[in-house]
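Chemist: Show me how the following folds:
(2 chains)
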Amino acid sequence: MNQIRSPKGVQIRSPRGVRDILPAETARWRRFEEDFSACCKQAGYGELRSPMFEELEVFLRLGEETEVVSKEMYDFLDKDGRHMALRPEMTASAARAFIQHSPVLPWKIYYYGPQFRSERPQAGRYRQFSQAGIEVFGVSDPYLDVEVIALGWQFLGSLGLKQLTLQVNSLGDTASRNNYSEQLGRYLAQRAGELSEASQETAQVNPLRVLDSKRDQDQAVIAGAPSCLDFLEVSAAAHFEAVCNGLEKLRIPYQVNPRLVRGLDYYTHTAFEYVSQALKSAQNALGGGGHYDGLVEALGGKPVPGVGFALGVDRIFLACDSEQVFISEQSPVEIFVVDIVGGGEALSLTQQLREAGISCDRAWESRSLKAQMKIADRSGAKFALIIGSNEQAANVVALKDLRSGEVPQEDIPRDEIVLALKDRLAMEISN
RNA sequence: GUGGUGGUAGCUCAACCGGCUAGAGCGCUGGAUUGUGGCUCCAGAGGUUGCGGGUUCAAAUCCCGCCCAUCACACCA
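Modeler: Now for the predicted structure:
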């Protein structure tokens, strides 16, 4: 039996690796989502909102050798005994939706939302984290890979990020990839003695993964490893060349990194990452993606190619902080109502203003005039509307400009207040 | 998952080698001739020193366990 912990002394807090995003920060999150959405729609992508959990099977098709799938999934049995999992990424769900709904090709979708992986948390690595991404199904044109890469590049740039590099690679088609993997495995086995213990194990399971190792001990072996680009079949080499040409056509700077192997095993041909130089930590990949040929088929659909990327929103914000860009603040209300005759006037006046489309707030609990003015100031409102006994008797409200100390306070008849405010606010905007 | 570092008010931090009632700044609340914010000044509230146990006359400080954060690795966005 589980022991019930004494509630005393144990403060309830959010679970490990997840966090609250408070109002001071949410403005930026909202703007990010809106900007990303606009960027995608502009390029003909439609939004996909898929469920946050799927049958476990959907994610197992990503390849059970990947740790994301084998070790990090939040899986559970539902009340009917079905094995479910919170989505650890979106591509599998998108592919599942694609198969389920048979849309017209090419199917261009974008998404935004939380993903879940039970990893050990760190800065830029959370158990619930947000990704924004796109996927396109049904086209194998290499220029589509370029469009996808360019869209992410353009979007990251639009946030104001400058210290970015784009790394690209090609693993080739399945034949090239398998051939290379085999050769690399042979090479690593030869020099196994020089590798770290962990990498020796990795080499057995998935040789490509060793290229990702950051251990100093492995670097010499990795540097001497054969390049995957030398193993591309003719058509795969042509695909990659077209991608590079396309990037040059668009004047998008890129580095070819033959060591770039991505974590999910479904990628074939193009793989890429957007890396931030502004982040010192190991979590400096702001996003990544690539082309995948086998995923839809693995999920039981026809062999349909796909390409896409995912951006790590939490990490992008860390990079933004580091570069001091894309800083968004909560927008303040326009009007603050100060009522020192009991609060009833504020109640009806705020309602009236809001119905008229004017944003406003007020104080509570009959605080003193001074206190209410202080709150009004703090609220960031442009104007305060003051109702005291004098104003109430005269059926007016006092309008005070909080931004400038010079404009004299002015009494406005109660029934003209909405028009008067719309006037003032319009003037504010035109100034 | 493995290893390292850390956790003191809402926030940022102080408290030498264990020793007085655990402090400061910011923020918050109230006040400075009784109906006017910002600047200034005065005052106040706010802490089981992450949680639990141990050592000691005495623990924020030393030891152990747990929790959380953070860094590296592993992995990934």
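
Chemist: who in the stretch 101-250 of chain A is up against RNA strand B?
Modeler: With CB under 7 Å from any atom of the strand as the criterion, the stretch 101-250 of chain A meets RNA strand B at residues A:117, A:119-126, A:129, A:131, A:198-199, A:202, A:209, A:212-215, A:218. Where C-beta positions appear, they are placed from N, C-alpha and C, glycine not excepted.

Chemist: 6 Å instead, please
Modeler: Residues of the stretch 101-250 of chain A lying close to RNA strand B by CB under 6 Å from any atom of the strand are A:117, A:119-123, A:125-126, A:129, A:131, A:198, A:202, A:209, A:212-215.

Chemist: looking at chain A, which helix or strand does the model trust least?
Modeler: One helix or strand of chain A scores below all others by mean pLDDT, DSSP states H and E: helix A:67-70, with a mean of 80.

Chemist: ok, then the element right after that one?
Modeler: Using DSSP states H and E, the helix or strand that follows helix A:67-70 in sequence is strand A:75-77.

Chemist: Show me what counts as buried in that following strand.
Modeler: Going by neighbour count (16 or more other CB atoms under 10 Å), the buried part of strand A:75-77 is residue A:75.

Chemist: Pairing partners for the following helix or strand past that strand, with directions?
Modeler: Beyond strand A:75-77 in the direction of the C-terminus, DSSP H and E gives the next helix or strand as strand A:83-86. Paired with strand A:83-86 in the same sheet, following DSSP bridges, are strand A:53-55 (antiparallel), strand A:75-77 (antiparallel).

Chemist: which stretch in those has the least confidence?
Modeler: Note on the strands paired with strand A:83-86: lowest mean pLDDT is at strand A:75-77, with a mean of 92.

Chemist: I would like the residues contacting that one, please.
Modeler: With contact meaning CB atoms under 8 Å, 6 or more residues apart in numbering, strand A:75-77 is reached by A:56, A:83-86.

Chemist: Please, a ChimeraX command that selects the buried ones among those?
Modeler: Buried residues within those, by 16+ other CB under 10 Å, are selected in ChimeraX with:
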select /A:56,84,85,86
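
Chemist: quick revisit: can you tell me which of the strands paired with strand A:83-86 comes nearest to RNA strand B?
Modeler: Distance to RNA strand B, taken as CB to the nearest atom of the strand, is lowest for strand A:75-77 among those, at 15.2 Å.

Chemist: what's the closest of the strands paired with strand A:83-86 to residue A:310?
Modeler: The closest of those to residue A:310 is strand A:53-55. By CB to CB, the value is 16.3 Å.

Chemist: Buried residues of that closest one, list them for me.
Modeler: For strand A:53-55, the neighbour count (16+ other CB under 10 Å) marks A:53-54 as buried.

Chemist: next helix or strand past it?
Modeler: Next along from strand A:53-55, by DSSP H and E: helix A:56-60.

Chemist: Need the residues that contact the least confident helix or strand of chain A.
Modeler: A:59-60, A:62-64, A:88-89, A:117, A:263-264.

Chemist: again, only this time at 6 Å
Modeler: A:59, A:62, A:64, A:88 (CB atoms under 6 Å, 6 or more residues apart in numbering).

Chemist: for the first one, what are its contacts?
Modeler: Right, the one you point to is residue A:59. By CB under 6 Å, 6+ apart, the neighbours of residue A:59 are A:69, A:85, A:92.

Chemist: Quick check: of these, which lies closest to residue A:36?
Modeler: residue A:92 (20.6 Å).

Chemist: surely the closest one meets residue A:62?
Modeler: Yes - with contacts counted by CB atoms under 6 Å, residue A:92 reaches residue A:62, the gap being 5.4 Å.

Chemist: What separation do you get for the spatially closest residue to residue A:284 that is not a sequence neighbour and RNA strand B?
Modeler: Excluding the flanking residues, the one nearest residue A:284 by CB to CB, 6 or more residues apart in numbering is residue A:276, at 5.1 Å. Distance of residue A:276 to RNA strand B, computed by CB to the nearest atom of the strand, to the nearest Å: 9 Å.

Chemist: now residue A:89
Modeler: Separation of residue A:89 from RNA strand B (CB to the nearest atom of the strand): 6 Å.

Chemist: Quick check: closest non-adjacent residue to that residue.
Modeler: Using CB to CB, 6+ apart, the nearest residue to residue A:89 is residue A:115, at 5.7 Å.

Chemist: Tell me the secondary structure at the one you found.
Modeler: Classification of residue A:115 using DSSP: H, G, I helix; E, B strand; the rest coil returns strand.

Chemist: ok now do the residue sitting nearest the centre point of chain A, which residues does it touch?
Modeler: The residue lying closest to the centre of chain A (CA atoms, centre = their mean) is residue A:313, at 2.9 Å. With contact taken as CB under 6 Å, 6+ apart, residue A:313 is in contact with A:130, A:132.

Chemist: rerun at 8 Å
Modeler: By CB under 8 Å, 6+ apart, the neighbours of residue A:313 are A:29, A:32, A:112, A:129-132.
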